[in-house]
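>>> With the input below, show me the fold.
(3 chains)
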Amino acid sequence: MFSFCTDPDALEGVKWLSCYLTTGKHQSMYWAVGTVLLLLAITAPAALLFGFGGATAARSRFRPLAWFGKIYISIVRGVPDIAFFLFFVIALDQAFEWVRHQVKCPDWDQEIWQGNDFRVCPEAKLPLGNAAQWVHETYGFFLAVLTFAIVFGAFAANVLYGAMQAVPRAQIETAEAYGMTHRQSFWRILVPQMWVYALPGLSNLWMVLIKATPLLFLLGVEDIVYWARELGGSKTAQFTDYPHPDWRMWYFAALLVFYLAFTRVSEIVLDKIMRRLTKGQATMGGEKQRKAAA
Amino acid sequence: MKKLVLSVAALALTAGLASAQTVRMGTEGAYPPYNFINDAGEVDGFERELGDELCARAELTCEWVTNEWDSIIPNLVSGNYDTIIAGMSITDERDEVIDFTQNYIPPAASAYVALSADVDLSGIIAAQTATIQAGHVAETGATLLEFPTPDETIAAVRNGEADAVLADKDFLVPIVNESGGELVFAGEDVPLGGGVGMGVRESDGELKGKFDAAIQSMKDDGTLNDMIKKWFGDEALVF
Amino acid sequence: MSCWDTIADYGLRSLGYGERLLPRSDFTLCQQFTLIGSGMIWNIYFGTLALVSGFILATAVAMAKAAHNPWLRKPAEWFVFVFRGSPLFIQFFFAYFLFLSLKSSYPVLAPLTAAALGALIVLFLNTAAYSAEIFFGALQSIPKGDVEAADAYGMAGWSRFRRVIWPTMLRLGWPAYTNEAIFLFHATTLVFFSGFPTTKQQGDALYYANYFADKTFNPFIPYPILAGYFILLTLVIITIFGRVNAHLNRHLPQAGRSRIRLRPQLIR
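Residues are numbered from 1 along each chain as shown, chains lettered A, B, ... in the order given. Predicted structure coming up:
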């Protein structure tokens, strides 16, 4: 990084540290922070979408759809996320490739399952065998986002389901009295009002999501925890210019600070949103705000 | 996203499907000197150098990928990369599921490392989870203490949680050398496994053939032995 | 070997009874079910003890957090913030280091570095922090009228807390607390996965599932078995907590009961 970094053995103190902290490997770690933030930014709305779909399905008057929604919510909530992550990505990847295989290679005469091997025709591989590395990484990232969204979507569905039930019946009845159809009262009355009931649950879910990111390395995405472990482990002089003993303690302390700061910022932002949503609502919180302003 | 992986040759992006497929080499990146991530954040080590040479000889375009050790075989059979080149010992269990090329490192010893040479090897022995060493310790009747990473097994010996650690000797040598006498080898070396080879899918006979031939040619002209000596020291076993 | 023999050999393997060596070849479904089930003993052990002990501390911390006195309130706030704000596995990591150094200065504390005690303490503190936040939220939403009614009856101090505030707090917080219990049991799988070392191959359900996935190289059998066990466990938790909930709300009219049940509170 810096010009004086050519001979790390001769360096000391701050200079050594500044060279050490800017090695290519450390830069990978700083990039990983971005990866984690990007994943969170994409996963949160995706999980919300899954959750909304799940909750709507569970409330559906069409029985099979309601069952599907309820089964999705209860099964995925019942399984530890870590157990899910350990096999789900491979399963998802194989499922995609199997579907593509059926579509793209209908004339393929070989078995897909040859003993232990899973083999689809080359055109069906995801990504294609000759794709660039960044395509592979993007695909892996996409699978991770999808897995996270499915898992956390189930929890979000549970929260939203409860929130939809919590909107006072009288509101829906009034909508019906005004002659609104089921669909109209759902979109115009129920959905706008449910958020205030859902927000405490959703904000907790967001906190859980933040703290689930260390599991990303199970999904093949190199996250900050992977790098902290990799960089912190003791290094012998034979393989690096910056040998050091087991420094995981310091790296993990840095992670701790990162997570605590991230949580704190989230708390403050969510608190603001809650206050905004509560405004004008017929709840205790809304009443309190009204009185405080008056 | 930062590239962990460098393609060996320029990628044939514009070439059609008919051209040579890229061979993706799966490794762990946490097991020096076999494979590790260097200061620049790239895969490095004995297997990086060996793999690049093998690909050159077999006229293949290769790319390096890292994967967690635990799921390294499921991801191979599922087709996420095409070879495993990660210091993987050839064992019967593994051979049932995947195929191995001929070994590129002769059957090497595992060794115990402890704080003193006369430690009781039937006491508490640390090993990395899901390695042949862990299986061996469980069979000897010693109390097995398992850790997820090799680093933690060494740390456990240092802080007295375990009496000794059992691991590949090649992995332990640099650690013992640099410990300044704190850590020493204890007991006899234990021969485990049938050497280290490259793992390929059972249905990939053609690829296996190419790498087999390339390894053979490196054995024949002595370059493999030189490479082993370069990375593992002059006392390392050679062909 | 019949499945009954396997169960006899491996049913209590996670506690160290039965066969010393784990199966090494010719893996059967029965072996996978038995050993992973055997590992569930640890998950239930960690989950149940942490939940019960954490409940008591959580009540105390929630009261402290709601207190006016900053000497009570500030430490409680920090405790909740630190444990809720950091990933569990980092807590495990630091706890293990701390316990190791404690052990070297005070040999009496040696059992702390074993998962059975050390991990339990971490889980206990962790669940106490999460539950305290739930109970704190519930405390804040206790209807003012209830407390005023208690005052009118001349209740104060301990009796007002025991007969009015505490039951109402539990009733309001219970749905969220049910979620917390589920999460806690799920979190017990992290103990051996990224926290504490496994001794003599006596691990939890995830450890054995991992063992089989590693030996058979097929993740599609052991992990779904593990998932199945946890779904069963979750159903049991939901049933027990549902009973408690019904008990807590027994004095309310039927309609009111369901309204409280469905009101979403905090989930972890």
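
>>> Tell me the secondary structure at A:V76.
Here A:V76 is recorded as helix under DSSP: H, G, I helix; E, B strand; the rest coil.

>>> is it true that it touches A:V151?
Yes: under the criterion of CB atoms under 8 Å, A:V76 makes contact with A:V151 at 5.9 Å. All C-beta spots, glycine's among them, are computed from the backbone N, C-alpha and C.

>>> Identify the contacts common to the two.
Jointly contacting A:V76 and A:V151 under the rule CB atoms under 8 Å, 6 or more residues apart in numbering or on different chains are A:F84.

>>> Which helix or strand lies directly C-terminal to the helix ranked longest in chain B?
Scanning chain B for the helix with the most residues, using DSSP state H, yields helix B:205-220. Note on helix B:205-220: by DSSP states H and E, the next helix or strand toward the C-terminus is helix B:223-232.

>>> Please name every helix or strand in contact with that next one.
helix B:46-57, helix B:205-220 (3 or more CB pairs under 8 Å, 6 or more residues apart in numbering or on different chains; DSSP states H and E).

>>> Excluding chain neighbours, what is closest to the most centrally placed residue in chain C?
Nearest to the geometric centre of chain C sits C:L184, at 3.3 Å (CA atoms, centre = their mean). Excluding the flanking residues, the one nearest C:L184 by CB to CB, 6 or more residues apart in numbering or on different chains is C:T127, at 4.8 Å.

>>> For the one you found, which three-state class applies?
Counting by three-state DSSP, the backbone at C:T127 sits in helix.

>>> Please identify the buried residues of stretch A:246-256?
A:246, A:248, A:251-252, A:255-256 (16 or more other CB atoms under 10 Å in any protein chain shown).

>>> So which of those reach chain C?
Filtering the buried residues of stretch A:246-256 for neighbours of chain C using CB under 8 Å from any CB of the partner chain leaves A:248, A:252, A:255-256.

>>> okay but C:G18 is in contact with C:T6, surely?
No: with contact defined as CB under 8 Å, C:G18 and C:T6 do not form a contacting pair (9.7 Å).

>>> Give me the more crowded residue out of those two.
C:T6 (21 against 16; other CB atoms under 10 Å in any protein chain shown).

>>> What pLDDT is listed against that one?
On the pLDDT scale, C:T6 is placed at 84.

>>> Dump stretch A:101-115 to PDB, restricted to CA.
Extracted C-alpha coordinates of stretch A:101-115, given in PDB (Å, rounded to 0.1, in the frame of the first residue of the first chain):
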ATOM      1  CA  HIS A 101     -31.600 -29.000 -17.400                       C
ATOM      2  CA  GLN A 102     -35.200 -30.100 -18.100                       C
ATOM      3  CA  VAL A 103     -35.800 -27.000 -20.200                       C
ATOM      4  CA  LYS A 104     -32.600 -26.700 -22.100                       C
ATOM      5  CA  CYS A 105     -31.600 -30.300 -22.600                       C
ATOM      6  CA  PRO A 106     -34.700 -32.400 -23.200                       C
ATOM      7  CA  ASP A 107     -32.700 -34.900 -25.300                       C
ATOM      8  CA  TRP A 108     -30.000 -35.500 -22.700                       C
ATOM      9  CA  ASP A 109     -29.700 -39.300 -22.400                       C
ATOM     10  CA  GLN A 110     -27.500 -39.600 -19.300                       C
ATOM     11  CA  GLU A 111     -28.600 -39.800 -15.800                       C
ATOM     12  CA  ILE A 112     -28.500 -36.600 -13.700                       C
ATOM     13  CA  TRP A 113     -27.700 -38.600 -10.600                       C
ATOM     14  CA  GLN A 114     -24.600 -40.800 -11.400                       C
ATOM     15  CA  GLY A 115     -23.900 -42.400  -8.100                       C
END
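
>>> mind showing which ranges of the chain have poor pLDDT?
Picked chain A for this. For chain A, the stretches flagged by pLDDT under 70 are A:1, A:115, A:129-130, A:280-287, A:294.

>>> Oops, wrong one, chain B.
Using pLDDT under 70, chain B drops low at B:1-21.

>>> can you list the domain ranges for it.
For chain B, automatic domain parsing gives the domain ranges B:22-106+B:194-232, B:109-191.

>>> from memory the residue nearest to the centre of chain C sits against C:G47, does it?
Yes: applying CB under 8 Å as the test, C:L184 and C:G47 come out as touching, 5.6 Å apart.

>>> any common contacting residues for these two?
C:L123.

>>> Would you mind identifying the helix or strand in chain C with the lowest mean pLDDT?
helix C:254-262 (a mean of 46; mean pLDDT, DSSP states H and E).

>>> my guess is B:K169 meets B:P107, correct?
No: if you go by CB under 8 Å, B:K169 and B:P107 don't touch, sitting 11.4 Å apart.

>>> if you count what's nearby, which of the two comes out ahead?
Legend: neighbour count by other CB under 10 Å for B:K169 and B:P107, higher for B:K169 (20 against 14).

>>> Nearest residue to that one in space, ignoring adjacent ones along the chain?
With CB to CB, 6+ apart as the criterion, B:K169 has its nearest non-adjacent residue at 4.1 Å, and that residue is B:A111.

>>> Wasn't the one you found part of a helix?
No: B:A111 sits outside any helix when classified using three-state DSSP, being strand.

>>> Please name the residues that touch it.
B:A111 neighbours (CB under 8 Å, 6+ apart): B:166-169, B:172, B:185, B:189-190.

>>> The residue nearest to C:L184 against C:G54, yeah?
Yes: C:T127 is in contact with C:G54 according to CB under 8 Å; the separation is 3.8 Å.

>>> so what sits against both of these two?
Both C:T127 and C:G54 are in contact with C:L184, where contact means CB under 8 Å, 6+ apart.

>>> how about TSV for the helices and strands packed on helix B:223-232, with distance to A:V265 and mean neighbour count added?
What follows is the helices and strands packed on helix B:223-232, written out as TSV (distance: least, CB to CB, whole Å; neighbours: other CB atoms under 10 Å in any protein chain shown):
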stretch	distance to A:V265	mean neighbour count
helix B:46-57	40	21
helix B:205-220	50	17
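
>>> Could you provide these in JSON lines, with additional columns for distance to A:M274?
As requested, the helices and strands packed on helix B:223-232 are arranged in JSON lines below (distance: least, CB to CB, whole Å):
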{"stretch": "helix B:46-57", "distance to A:M274": "52"}
{"stretch": "helix B:205-220", "distance to A:M274": "58"}
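
>>> Out of those, the one nearest A:R59 is which?
With CB to CB, the closest approach to A:R59 among the helices and strands packed on helix B:223-232 belongs to helix B:205-220: 52.4 Å.

>>> Of all residues in chain B, which one is nearest the centre?
B:G87 (1.2 Å).

>>> close to chain C, is the host helix or strand of A:N158?
Using DSSP H and E, A:N158 falls within helix A:133-166. Yes: counting by CB under 8 Å from any CB, chain C has neighbours in helix A:133-166: A:155, A:158-159, A:162-163, A:165-166.

>>> immediately after that helix, which helix or strand?
Taking DSSP H and E, what comes next after helix A:133-166 is helix A:169-177.
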